[in-house]
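Chemist: I would like to see how this sequence folds:
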Amino acid sequence: MIRILLLPVLALAGAAFAVVTVAAGSQPAPVAKPVADPSRPPFETYIAGSGILEAMDRNVAIGAPLSRLVLEVDVKVGDEVDAGAPLFKLDDRDTRAELAVRQAAVGAARAKLERLKSAPRAEELPPAEARVVAAEAVLADLRNQVTLWESVSDKRAVTVEDLQRRKFAVQAQEARLAEAKAALNLLKAGSWKSDIDVAQADLAAAEAQAAQTAAEIARLVVRAPSRGMVLQVNVRAGEFAPAGALQTPLMLFGALDRINLRVDVDENDAWRFRKDAAAVAFVRGNRELKTELKFERVEPFVIPKRSLTGDSTERVDTRVMQVVYSFDRNKLPVYVGQQMDVFIEVKNGAKP
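Modeler: Numbering: from 1, shown residues only. From the prediction side, this is the model:
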């Protein structure tokens with residue numbers, strides 16, 4: 001009898017357990033409380049949007065002018081530097097060696113020019129003058145001999161050939177004297193102007209090449225483009241820094257005297273936007289932290305939305321108009337790259 005009743009009792013117990021389990025599972029889960037209360041719009045009618053904080057003159061991606069090894073990094077994240085301050089230095093050893101060669105070429109070209117300008121040397125004049133005096137003395141002696149031969153009364157004592165030979169010797173010596181005087185005058189005249197011009201051009205070319213190499217060395221020290229803060233450092237000493245635009249910049253830099261807030265306004269609300277409308281931004285996670293915004297500009301080219309808020313109702317295929325506002329950096333404890341909730345007042349009945 002007990003065995004006959006046991007099977008129906010177990011079946012009823014299993015059915016009751018199944019009913020209780022299904023009933024408990026079908027109850028709605030309790031709604032989780034938000035970590036922080038959402039921001040409340042301060043206007044009756046408004047345009048809502050999300051904004052991303054950026055530097056006043058936009059975030060500057062610092063790159064390398066040439067692909068080289070990094071010798072040293074002079075800054076760290078959070079450093080505030082002035083315009084022209086060194087950020088990091090690339091390997092310049094080969095360029096410095098080339099500069100030494102070109103500076104030596106400048107020295108040689110300058111010495112050559114100075115030598116031409118200082119001509120003649122004082123030591124070169126006495127030998128040249130002595131050669132002129134010697135030539136004059138020899139010429140005088142030869143002329144005297146011709147005179148003596150011509151004064152002989154007995155013409156039989158002097159042959160015509162000897163007399164002509166001595167006259168030719170006088171002419172040859174006159175030519176040598178003229179050559180010595182010309183050489184002396186050339187020496188006294190100094191360097192030819194065209195030679196000096198060529199030497200000056202050679203010096204200018206050598207100096208230009210040295211300046212070019214010095215400029216290359218200066219380029220290898222990457223400096224801050226303006227006064228601002230180092231936001232990211234993605235390069236270390238000893239690493240290879242490729243030139244050109246990179247997906248992850250070597251450094252991220254920006255001026256933070258004031259912070260810009262780039263707000264995405266949905267294209268469906270773009271017609272309601274007015275430049276002179278009041279705008280307020282709230283810090284996410286604490287709706288008590290807010291600030292009024294100053295309008296800077298509208299970027300009129302509507303682009304696909306890139307910055308998503310994570311809202312379940314958010315469309316990912318929408319396009320947005322970007323509006324740039326700014327506020328004083330010291331008003332809120334916020335950081336570049338942070339998202340904020342923005343509400344822009346709508347006036348004059350511009351309602352959807």
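Chemist: for the residue nearest to residue 267 when sequence neighbours are not counted, which residues are in contact?
Modeler: Of all residues not flanking residue 267 in the chain, residue 319 sits nearest, at 4.7 Å (CB to CB, 6 or more residues apart in numbering). Placement of C-beta: from N, CA and C, glycine included. Contacts for residue 319 (CB atoms under 8 Å, 6 or more residues apart in numbering) come out as 267, 302-305.
Chemist: got it, and residue 83?
Modeler: 223-227.
Chemist: could you flag which of the residues you listed are buried?
Modeler: Applying 16 or more other CB atoms under 10 Å to these, the neighbour count classes 223-224 as buried.
Chemist: pLDDT-wise, which helix or strand of this protein ranks last?
Modeler: The helix or strand of the chain with the poorest confidence is helix 2-25; it has a mean of 67 (mean pLDDT, DSSP states H and E).
Chemist: filter the contacts of residue 319 to the buried ones?
Modeler: Among the contacts of residue 319, those buried by neighbour count (16+ other CB under 10 Å) are residue 305.
Chemist: from the contacts of residue 319, which is closest to residue 13?
Modeler: Lowest distance from residue 13 to the contacts of residue 319 (CB to CB) belongs to residue 305, with 57.2 Å.
Chemist: wait, the closest one sits on residue 320?
Modeler: Yes: using CB atoms under 8 Å, residue 305 makes contact with residue 320 at a distance of 4.7 Å.
Chemist: shared neighbours, the two?
Modeler: In contact with both residue 305 and residue 320: residue 264, using CB under 8 Å, 6+ apart.
Chemist: before we move on, the earlier item: now render the contacts of residue 83 as JSON lines, adding secondary structure and distance to residue 61.
Modeler: JSON lines is the format used below for these (DSSP: H, G, I helix; E, B strand; the rest coil; distance: CB to CB, whole Å):
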{"residue": "223", "secondary structure": "strand", "distance to residue 61": "15"}
{"residue": "224", "secondary structure": "coil", "distance to residue 61": "13"}
{"residue": "225", "secondary structure": "coil", "distance to residue 61": "11"}
{"residue": "226", "secondary structure": "coil", "distance to residue 61": "14"}
{"residue": "227", "secondary structure": "coil", "distance to residue 61": "18"}
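Chemist: just put the contacts of residue 83 in TSV and tack on distance to residue 96 and pLDDT.
Modeler: Compiled in TSV, those are given as follows (distance: CB to CB, whole Å; pLDDT from 0 to 100):
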residue	distance to residue 96	pLDDT
223	18	95
224	23	94
225	25	91
226	28	89
227	30	90
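Chemist: any weak-confidence spans in this protein?
Modeler: For the chain, the stretches with pLDDT under 70 are 1-11, 17, 19-20, 22-36, 121-122, 149, 152-158, 189-191, 307-317, 348-352.
Chemist: break down the stretch 1-150 of the chain into its helices, ranges please.
Modeler: For the stretch 1-150 of the chain, helices defined by DSSP state H, counting those that start in this stretch occupy the ranges 2-25, 93-118, 125-150.
Chemist: what's opposite the residue nearest to residue 267 in the beta bridge?
Modeler: Counting by DSSP bridges, residue 319 forms beta bridges with residue 304.
Chemist: okay, now the domains of this protein?
Modeler: Following automatic domain parsing, one gets these domains for the chain: 46-56+256-345, 60-90+222-254, 99-215.
Chemist: that older thread, ok, which pair from the contacts of residue 83 is furthest apart?
Modeler: 223 and 227 (11.8 Å).
Chemist: looking at the contacts of residue 319, which is nearest residue 326?
Modeler: Out of the contacts of residue 319, the member with the shortest distance to residue 326 (by CB to CB) is residue 303, at 20.4 Å.
Chemist: I'd like the distance between the closest one and residue 272.
Modeler: Going from residue 303 to residue 272 by CB to CB, to the nearest Å gives 19 Å.
Chemist: same question, residue 346
Modeler: The gap separating residue 346 from residue 272 is 5 Å, by CB to CB.
Chemist: who touches both of those two?
Modeler: Residues touching both residue 346 and residue 272 (CB under 8 Å, 6+ apart) are residue 47.
Chemist: residues touching residue 59, list them.
Modeler: Residue 59 touches 231, 252-254, 336, counting by CB under 8 Å, 6+ apart.
Chemist: what is the burial count for residue 168?
Modeler: Residue 168 has 11 neighbouring residues, counting by other CB atoms under 10 Å.
Chemist: moving C-terminal of the top helix by length along the chain, what's the next helix or strand?
Modeler: If you go by DSSP state H, the chain has its longest helix at helix 160-189. Sequence-wise, the next helix or strand downstream of helix 160-189 (DSSP states H and E) is helix 193-219.
Chemist: buried ones in that next one?
Modeler: 196, 199-200, 202-203, 206-207, 209-210, 213, 216.
Chemist: which of those residues lies closest to residue 110?
Modeler: Within the buried residues of helix 193-219, the smallest distance to residue 110 is 5.6 Å, found for residue 203 (CB to CB).
Chemist: the closest one touches residue 108, doesn't it?
Modeler: No: shown here, residue 203 and residue 108 do not form a contact pair, counting by CB under 8 Å, at 9.2 Å.
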